[in-house]
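**Student:** model this:
(5 chains)
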Amino acid sequence: MKDFDDSPIVRNGNSLILAYDHGTEHGPVDFEPMPESAEPKHVFRVSEHDAVTAIALQKGNAEYYRKWQEDTGKSGAPLLVKLNGNSNLAKREDYYSPKQCSVRYAVEELDADAIGYTMYAGSIHEDEMWKEFREVQEQARKYGIPVVMWSYPRGKGIEENTEYSGQKDPEVVAYGARLGLELGADMVKCKYPGEQRDWEQLEDVVGEMKTVMSGGSKRSDKAFLEDVNATIEVGGNGLAVGRNIFQREDPESLLDKLEGVIFEGKNPEEVTE
Amino acid sequence: MKDFDDSPIVRNGNSLILAYDHGTEHGPVDFEPMPESAEPKHVFRVSEHDAVTAIALQKGNAEYYRKWQEDTGKSGAPLLVKLNGNSNLAKREDYYSPKQCSVRYAVEELDADAIGYTMYAGSIHEDEMWKEFREVQEQARKYGIPVVMWSYPRGKGIEENTEYSGQKDPEVVAYGARLGLELGADMVKCKYPGEQRDWEQLEDVVGEMKTVMSGGSKRSDKAFLEDVNATIEVGGNGLAVGRNIFQREDPESLLDKLEGVIFEGKNPEEVTE
Amino acid sequence: MKDFDDSPIVRNGNSLILAYDHGTEHGPVDFEPMPESAEPKHVFRVSEHDAVTAIALQKGNAEYYRKWQEDTGKSGAPLLVKLNGNSNLAKREDYYSPKQCSVRYAVEELDADAIGYTMYAGSIHEDEMWKEFREVQEQARKYGIPVVMWSYPRGKGIEENTEYSGQKDPEVVAYGARLGLELGADMVKCKYPGEQRDWEQLEDVVGEMKTVMSGGSKRSDKAFLEDVNATIEVGGNGLAVGRNIFQREDPESLLDKLEGVIFEGKNPEEVTE
Amino acid sequence: MKDFDDSPIVRNGNSLILAYDHGTEHGPVDFEPMPESAEPKHVFRVSEHDAVTAIALQKGNAEYYRKWQEDTGKSGAPLLVKLNGNSNLAKREDYYSPKQCSVRYAVEELDADAIGYTMYAGSIHEDEMWKEFREVQEQARKYGIPVVMWSYPRGKGIEENTEYSGQKDPEVVAYGARLGLELGADMVKCKYPGEQRDWEQLEDVVGEMKTVMSGGSKRSDKAFLEDVNATIEVGGNGLAVGRNIFQREDPESLLDKLEGVIFEGKNPEEVTE
Amino acid sequence: MKDFDDSPIVRNGNSLILAYDHGTEHGPVDFEPMPESAEPKHVFRVSEHDAVTAIALQKGNAEYYRKWQEDTGKSGAPLLVKLNGNSNLAKREDYYSPKQCSVRYAVEELDADAIGYTMYAGSIHEDEMWKEFREVQEQARKYGIPVVMWSYPRGKGIEENTEYSGQKDPEVVAYGARLGLELGADMVKCKYPGEQRDWEQLEDVVGEMKTVMSGGSKRSDKAFLEDVNATIEVGGNGLAVGRNIFQREDPESLLDKLEGVIFEGKNPEEVTE
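**Tutor:** Next up, the predicted model:
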């Protein structure tokens, strides 16, 4: 994706991805703090904010998103179709995320602007996921749309390795990001390890590939914006966020602030004044 | 399926699916209370009732159904071909339902009006079933026919999770329904958890997707109609029923009542008078 | 197969299939009682008897059968190519029968008149076999040739279920037959459970599908003919037989008698006089 | 292969296959008794002897063989490409031989005159190998080239069966040969069980299919020629041999003698005089 | 590859492959001794040295390499796309390296001059890797580009075999090289067992196939050049090297010396003066 900067999911080189795959990954429980968020149209409407450069949806909601756009005439945000995902109902030997949408369907039927794929390096299923990603990446290249990797190293290879402190070990997170580069992603979504120097170390090993921080569970505006800003300062390219937006009464307010930090070069103090 | 409401398996927005896959799932034992029901033509004839908007059959019976229509000139109900299923003869490590009819065969050779697929989220085979469903759903879209998911979370992931009381735990049932939405079904068939507020909770998380209650084993008319009505009142779209119909001496009578409740806005008291 | 009665493997609605797959299933040991039977041409010649409506062969022998017909100018019986089979050399965790001939090869290269597939419901491999059967059945439909299922429920699901007395439990045999109907076979080959009322019960659950009794190991003419007749009287459609024919010095004599019982409406007493 | 006798790998109805797949199967250790034999061209030159009706090579050596023929203008023997094989480096749960050359490549790129496939009936991988052989055999038929099966029953099914004395049990060898016939091979390569009557018993169950004896490890000319002759006398069609040829200083001499026994109807005494 | 000597990755019959797949195989830790090496462009520039006949990259870096060439107008070295690889994050039962780039993508989209594949003979996954290599090799032949096998026997089959001292046992290394020949590689990359006579033994069993020594971890110039020279003297065709080059402050100096030894027939003493 030599022209990734021209992609609709990028603005001034950065991105803010509104993720709404929680009904798949966690089930209805994630909507409880804000019951309206269970209704897809509620979140579709949130994606209309200028700060949102992509809405990430599983196949079924992506179908309804296109229908909603057509029915209402609203534009919404560019569409990133998340190709794999998993429920937390199943008992698995180790982390795995099956594919439930083909690249062909995402592009030809859903007119996706980008596709996303979760990679669990460190799982006993890592090798199988590499093979699936290979095919996904090559098909996306054929269609000319960018590939975002949710790069989340986890599973037995991490848990049972005493050299690592866990999924947020800076070395683990940086290795995960580097794998995104090596395997051919255009952008990786990574956990924030906790310190700015950790993200800087990550940026040092990803070449020209884009990076976005994973939003995680709901936190205060201040703490959240400071982390986002810390990554931006050292070369990060933005944020993928779900619960921190759709679990709020007033998502517009936080989106305004994120817009300042991610796209307008403002610091957290400026935008929260 | 933007035009699902125009589908022959929907009438006034709702559906009544006469399911006859018990010879696969349970074997001849399900026909013992009403031996004529072992004869497919007996059930084909029942499907002629106006209340029935679809008859759900496995491949072999679907072939004979089309032959019966041709031989007799009868119209019968629209045909929903159930694509997967399993016998209870096999010993399985966990729940799984193999596919025994392709979408292509269902549509091109059997002229199906809809297809059905059973999903066992919670099983160790959940991920494999997601992959199969992915392909089924995308092929059905290609042919333009609706996809009904028998969404039955069960298996080790449910049984061994102490947070859940079992397959009818309202949270489990609602998560199963939401997965139907996320994975791209047009309608889900779910177990009735037992209380109207449970179904309401389910309706809150499925967006525009249709839902039908699973009929279950044979019960009294009154208890059965009240449950159906409870789901309709909070947004449910009807019923998929087998034994409660074909194990009766007089299925017409109950079908008359169901027609009132599901399609004509009547309450159980009105139709049983 | 609406026109199955017009198929060359059916005569007056019934069939007698001469099975010669024992070299695969049991090895040369089955030929020891009658060493000539090890020579395929010996059995090819037996198939010339008018009573035989099909000879069931594995791929290799089917190739030689067509060559023998060409070389000798003899017509032989219509050819049923058995698509799967297994040796008893391997140690298996549970029953399974791999496919060693494609439908395409059977039809296009071997000019098969019918195809056969063994189904072991009850095995831990049942689901895999359903998937293979799905493809086989749909391809056979494409070519317009009938599908005969050797429906033999067995394996851990039967052995470890205390409700069943074993493979010949009438309930097990009837469930196996019903699965043939549900999965789309045109004819099932089943074990005779031992009593006429068991076969009658089986006939009650298979709709219009044909059934043939499995010949089993060698027995006296009288006992054998009585069993065949018992199935015919309650709706059975004939017999698939191997050792009871090719292990005899004079197979013609028994074939004459079977012809009477299966195709000419005679009873065992009449044909043995 | 009705016209197998017209194949270049057959001469007067019989064959002598010079096998040179030991670098795959056993590694360089097999070349130690005769270091020149590690050099493929050395063996290519041996194949020029008139007695050799085929040289059996794995893909890589087959590529160099065709290059050697082109570079030197020598004709060499007809080429049999061995499609599967395995190293003895890996630890396997039971015997298995993966495919490393497709039929298409063997025929279209290597211009093979025949193809070979090893079958380990009795292994827990037997069923998988049957499926692979199915495809190989049908593709070879499409191209019209003969199929030679290295039929070597072995593995847990043989070892753990107390009825069998091992891989060379005459009953095991004969069953293996019969499987070649049933599965559609044109020629089987079998171990010599040790006695002429054993091979005769084998010939009794293979119909018109060709058989060749497996050469095994190096032995005296006399013992070797007597075994070969013993098989020829009861209907055998020759020999597949490697180490007994390429581990000798003077392979020409033994090849002269084998030519007499296999193709010219001479007995061992005549050719060793 | 009859014309492999004409390939751009060969110069005077030999090759020096600059390998840069460490971000995949080992993660960012390999860049720590020389932090600039984490930046792909840094290594791309090193590949401009005349001594480098190929740069070996995983898919993602190969994409950026082509972009870098286009952006800067620099030529760089010919491109060898490494098709498989693995992270050391995962816990595996035994060695395996999944494919993350197809031959088609390497050739058609990345315009690769050669492809590389790692083979772990001795692993319980050996057979699976043979099958993958089969397909890779045949596709590469179709496109007419050379195939380099990283032939590294390892895993349980080696570790648990008391006849072998380990991965560098000369017999193991030579068997691995021979497998490259048998399976159809054009060049194998092998570990240096430690003594010149070991490499000579390896050269004796590979026919015309090319061999390159694996560079391994960083060492002194002298020790390194002597090993390289030892292989060249007995028929070796060069070197594949990563850390010994990119972990140095001054890679140019060592590349100058390697150029002398590998391509200009100089000995280590000459080039280090």
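**Student:** residue contacts, residue A:173?
**Tutor:** Applying C-beta atoms under 8 Å, 6 or more residues apart in numbering or on different chains, we find residue A:173 in contact with A:153, A:167, A:190-191, A:193, A:198, A:202. C-beta coordinates here come from the backbone N, C-alpha and C atoms, glycine included.
**Student:** ranking these by neighbours, who comes first?
**Tutor:** Counting neighbours by other C-beta atoms under 10 Å in any protein chain shown, the top entry in these is residue A:153, with 32 neighbours.
**Student:** excluding its backbone neighbours, what's nearest residue A:145?
**Tutor:** Nearest non-adjacent residue to residue A:145, counting by C-beta to C-beta, 6 or more residues apart in numbering or on different chains: residue A:114, 5.6 Å away.
**Student:** ranges for the strands of the stretch 51-200 of chain A?
**Tutor:** Remark: strands assigned in the stretch 51-200 of chain A by DSSP state E, counting those that start in this stretch are A:54-57, A:79-82, A:114-119, A:147-151, A:187-190.
**Student:** JSON lines please, covering those strands and showing mean pLDDT.
**Tutor:** Formatted as JSON lines, the strands of the stretch 51-200 of chain A follow (pLDDT from 0 to 100):
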{"stretch": "strand A:54-57", "mean pLDDT": "98"}
{"stretch": "strand A:79-82", "mean pLDDT": "98"}
{"stretch": "strand A:114-119", "mean pLDDT": "98"}
{"stretch": "strand A:147-151", "mean pLDDT": "98"}
{"stretch": "strand A:187-190", "mean pLDDT": "98"}
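**Student:** Kindly reformat those strands as JSON lines containing distance to residue A:71.
**Tutor:** Shown next, in JSON lines, are the strands of the stretch 51-200 of chain A (distance: least, C-beta to C-beta, whole Å):
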{"stretch": "strand A:54-57", "distance to residue A:71": "16"}
{"stretch": "strand A:79-82", "distance to residue A:71": "16"}
{"stretch": "strand A:114-119", "distance to residue A:71": "23"}
{"stretch": "strand A:147-151", "distance to residue A:71": "27"}
{"stretch": "strand A:187-190", "distance to residue A:71": "30"}
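**Student:** Look at residue A:229 and say how many residues are nearby.
**Tutor:** Residues lying near residue A:229 (other C-beta under 10 Å) number 20.
**Student:** Centre of the chain to whichever helix or strand it is part of, how far?
**Tutor:** Using DSSP states H and E, residue A:229 falls within helix A:221-233. Distance of helix A:221-233 from the chain centroid (C-alpha atoms, centre = their mean, to the nearest Å) equals 16 Å.
**Student:** Setting aside sequence neighbours, what's the nearest residue to residue A:159?
**Tutor:** Nearest residue to residue A:159, sequence neighbours excluded (C-beta to C-beta, 6+ apart): residue A:166, at 7.6 Å.
**Student:** Spit out the contact partners of that neighbour.
**Tutor:** Here residue A:166 is in contact with A:158-159, A:172 (C-beta under 8 Å, 6+ apart).
**Student:** out of those residues, which are buried?
**Tutor:** Neighbour-count burial (16 or more other C-beta atoms under 10 Å in any protein chain shown) applied to the contacts of residue A:166 gives A:158, A:172.
**Student:** which intervals of the stretch 1-150 of chain A have sub-threshold pLDDT?
**Tutor:** For the stretch 1-150 of chain A, residues meeting the criterion pLDDT under 70 lie at A:1-2.
**Student:** can you map out the helices along it?
**Tutor:** A:22-25, A:40-46, A:59-72, A:103-104, A:126-143 (DSSP state H, counting those that start in this stretch).
**Student:** what helices or strands is the second one leaning on?
**Tutor:** Contacting helix A:40-46 under the criterion 3 or more C-beta pairs under 8 Å, 6 or more residues apart in numbering or on different chains; DSSP states H and E are the following elements: helix A:59-72, helix A:243-246, helix A:251-263.
**Student:** Relative to residue C:79, which of these is closest?
**Tutor:** Nearest to residue C:79 among the helices and strands packed on helix A:40-46 is helix A:59-72 (46.6 Å), distances taken as C-beta to C-beta.
**Student:** tell me what that closest one is packed against?
**Tutor:** With contacts defined as 3+ C-beta pairs under 8 Å, 6+ apart, the packing partners of helix A:59-72 are helix A:40-46, strand A:79-82, helix B:170-183.
**Student:** pull the CA atoms of the first one into CSV?
**Tutor:** Taking C-alpha atoms only, helix A:40-46 is exported to CSV below (Å, rounded to 0.1, in the frame of the first residue of the first chain):
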residue,chain,number,x,y,z
PRO,A,40,-26.0,-0.9,15.9
LYS,A,41,-27.6,2.3,14.5
HIS,A,42,-26.6,4.1,17.7
VAL,A,43,-23.0,3.4,17.0
PHE,A,44,-23.3,4.0,13.3
ARG,A,45,-24.4,7.5,14.1
VAL,A,46,-21.5,8.1,16.4
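**Student:** contacts for it?
**Tutor:** Here helix A:40-46 makes contact (C-beta under 8 Å, 6+ apart) with A:18, A:20, A:36-37, A:52, A:55, A:61, A:64-65, A:68-69, A:74, A:76, A:245-246, A:251-252, A:255, B:181, B:207.
**Student:** one more time with 10 Å
**Tutor:** Contacts with helix A:40-46, where a contact means C-beta atoms under 10 Å, 6 or more residues apart in numbering or on different chains, come from A:18-20, A:22-23, A:31, A:34-37, A:39, A:52, A:55, A:57, A:60-62, A:64-65, A:68-69, A:71-72, A:74, A:76-77, A:242, A:245-246, A:248, A:251-252, A:255, B:181-182, B:205-209.
**Student:** quick one: it to chain centroid distance?
**Tutor:** 17 Å.
**Student:** Repeat that for stretch A:21-40.
**Tutor:** Averaging C-alpha positions (C-alpha atoms, centre = their mean) puts stretch A:21-40 17 Å from its chain's average.
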